[in-house]
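My questions are about this predicted structure, shown below with the sequence.
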Number of protein chains: 2
Amino acid sequence: MADEQIVMAHGGGGALTHELLTETILPALGSSSYRLPDAADLPGEAGLVFTTDAFVVKPLFFRGGDIGSLSVHGTVNDLAVSGAKPIALTMTLVLEEGLSLETVEAVTASAGAAARACGAPIVAGDTKVVARGEADELFITTAGVGRRVPELTLPGLRDGDRVLISGPIADHGIAVMSQREGIDFQTRVRSDSAPVWPLVEALVAAGIDVHAMRDPTRGGLAAVCAEFAEDYGLSITLHEEDIPVRPETAAACSILGLDPLTVANEGKLTAFVAAEDADRALAALRSAPGGEHAAVIGVVTARRTVPVTLRTRFGGQRLVEMPYGEDLPRIC
Amino acid sequence: MADEQIVMAHGGGGALTHELLTETILPALGSSSYRLPDAADLPGEAGLVFTTDAFVVKPLFFRGGDIGSLSVHGTVNDLAVSGAKPIALTMTLVLEEGLSLETVEAVTASAGAAARACGAPIVAGDTKVVARGEADELFITTAGVGRRVPELTLPGLRDGDRVLISGPIADHGIAVMSQREGIDFQTRVRSDSAPVWPLVEALVAAGIDVHAMRDPTRGGLAAVCAEFAEDYGLSITLHEEDIPVRPETAAACSILGLDPLTVANEGKLTAFVAAEDADRALAALRSAPGGEHAAVIGVVTARRTVPVTLRTRFGGQRLVEMPYGEDLPRIC
């Protein structure tokens, strides 16, 4: 390991991020867990969960959002998929010398507005400055605490479960990439950056026994399915024709050579529910803001040779792998 | 503000940091407070406090510590001076492409060991990677939650209070600066990076009614006294001959042209107690690990013309001002 170095793919949310975590960071931290969860129970404080995320998205401002609101949505969404309603956030800024105060103001105003909209105020913070060339404009870290909703016990994936997604995938990654690379598509793709708590709340209100949830950010839907299949020793089959992808996003993916399944989302919910609850869960998601285009996109089965399979539009099948991580640097 | 830019002094913890917070960040966040506190109450969760800090110290490893342990101490100390025992921490890493995995491992091992020693496990985290030249090796943000000790009500400064410091000042800043600049002093100064909770616990065990506490980090003892004097509309007089400064640290300050009062500490406690409690508080601090050289260093008075004054060794007086912030970049 002495001469191994950090490469961009270590930050992509895929296989190499997982390796960095499980082989270097977690053993070094002395963690007893094989990974740090999206959000962890607060020791000795029943029902409270605690989470954090760093944001290095480039550019800072993109269609549909900016690093400020994104940093709020990312953290409240980690809480939401753990079944916890966000209570409060903290935020740190690392600023590069020479950055305009106007940018700092725009980003923090956006974060403040997003936090208010989520009902989770930013209650503490810290600001550091580094010299020109020692950071790229501005990085943010948010942390959040939430309280678990007792209705959501999240017992885990089961054989026969249906896979739901709350709306079209891959918009965030494509919005950021196309803007960064100056690629202009006929219809401009906007990031889906948004809180998923209203979607979770709708499932709770409908009395759905959600088995598991995740927001498919870095690594996309592919990473979420690969992780769940591995965690529970089950397999997942996704149906391509049922997975919502906006035509403009699909076109952009095709131009950029990206698989929409591996592209980041920042306001989508993946939920796993029993087959008999799937219709009611779908109706609940579709009734919630941001869930209008929700769909049932797959099924959980007993373990097969392949953990995750995509049944293609043309009746074929292909393996869905945990992305390696180098496709989309600095996407969140 | 349109053409105003971030300068290094915005990160120094002094007057310009304060201005950035009060004139740009807090209004933009829509905060009702005139500043973000060291640690804030968690809304609706009585007794729990929440805090965060970013760390950009350069170099990553310095005599007496490194960015990993420092990032744990900084956050648990913000909790401790709010009267809260740390419960759990989160940690994010922003890594520069090309950084050695060995460095990541050393830093996270140090953070893990420090967290265990403080009884506050790191329960969640996130890792991002940016390209070469887009960060300087590695930045860390930690967040922490703690539970307030009921004995510590921290009612605030009062006229007649005594000012205590738990040990020699300015070691952290001098250790980092001398190492970064390659200045070798005859006796090498070590950072004081350490948790202050054992000191706080000793005050509680002795039944001291602590009026206020702070850990004098960026901006040093001068910033702490200037802030408290401003917050309570009182004045503080410090007695130079009573303020502990190691001879090697004093020598280094003199060579570097720094005032020890404005240099960062990372394991010191400043406590304000009633005059009649001062002797017992001093004995309690001296009995705790890291408090062996504690001292009573000043007194709080009704507001005079000048908020903070230093009575010098030679019987003179000089104004102690909130440092502007440019002296010590990337000190924590």
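Cool, got the structure. Because the structure is a prediction, the values reported are computed rather than measured.

What distance do you get for the spatially most central residue of chain A to residue A:77?
The residue lying closest to the centre of chain A (CA atoms, centre = their mean) is residue A:217, at 2.5 Å. Remark: distance between residue A:217 and residue A:77 (CB to CB, to the nearest Å) = 8 Å. All C-beta atoms are positioned from the backbone trio N, CA, C, and that covers glycine.

The residue nearest to residue A:151 when sequence neighbours are not counted is in what secondary structure piece?
Spatial nearest neighbour of residue A:151, chain neighbours left out: residue A:204 (5.0 Å); criterion: CB to CB, 6 or more residues apart in numbering or on different chains. According to DSSP states H and E, residue A:204 maps onto helix A:197-205.

So which bits of that helix are buried?
Neighbour-count burial for helix A:197-205 flags A:197-200, A:202-204 (criterion: 16 or more other CB atoms under 10 Å in any protein chain shown).

now, among those, which is nearest to residue B:14?
residue A:197 (38.9 Å; CB to CB).

Which residue, neighbours along the chain excluded, lies closest to residue A:111?
Nearest to residue A:111 is residue A:68, by CB to CB, 6+ apart, at 3.6 Å.

what about whatever residue of the stretch 151-300 of chain A ends up closest to chain B, neighbour count?
Proximity to chain B, evaluated over the stretch 151-300 of chain A using CB to the nearest CB, is greatest for residue A:218 at 9.1 Å. When neighbours are counted by other CB atoms under 10 Å in any protein chain shown, residue A:218 registers 25.

Can you check my assumption that it lies in a strand?
No. Counting by DSSP: H, G, I helix; E, B strand; the rest coil, residue A:218 is not found in a strand; it is coil.

surely it meets residue A:13?
Yes. The criterion here is CB atoms under 8 Å, and residue A:218 meets it with residue A:13 at 2.5 Å.

For those two, list the residues in contact with both.
Common contacts of residue A:218 and residue A:13, defined by CB atoms under 8 Å, 6 or more residues apart in numbering or on different chains, comprise residue A:264.

re earlier: let me see the contact set for the residue nearest to residue A:111.
Residue A:68 sits next to A:106-112, A:114, A:140 when contact means CB under 8 Å, 6+ apart.

Do you have the helices of chain A handy? List them.
Under the criterion DSSP state H, helices of chain A are mapped to A:15-19, A:26-29, A:67-81, A:101-117, A:171-180, A:197-205, A:220-232, A:247-256, A:278-287.

Return the most buried member of these.
Mean neighbour count (mean count of other CB atoms under 10 Å in any protein chain shown) peaks for helix A:67-81 among the helices of chain A, with a mean of 30.

Averaged pLDDT, that one. What do you get?
Taken as a whole, helix A:67-81 has a mean pLDDT of 98.

cool, stretch A:90-100 as well?
Average pLDDT, stretch A:90-100: 97.

Output that stretch as CSV, restricted to C-alpha atoms.
Backbone C-alpha positions of stretch A:90-100 (Å, rounded to 0.1, in the frame of the first residue of the first chain) are rendered in CSV as follows:
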residue,chain,number,x,y,z
THR,A,90,-24.5,21.9,10.5
MET,A,91,-22.4,23.2,7.6
THR,A,92,-18.7,23.9,7.0
LEU,A,93,-17.2,25.8,4.2
VAL,A,94,-13.7,25.5,2.8
LEU,A,95,-13.2,28.6,0.7
GLU,A,96,-10.4,29.3,-1.8
GLU,A,97,-8.7,32.7,-1.6
GLY,A,98,-10.0,34.9,-4.4
LEU,A,99,-13.5,33.5,-4.4
SER,A,100,-16.1,36.3,-4.7
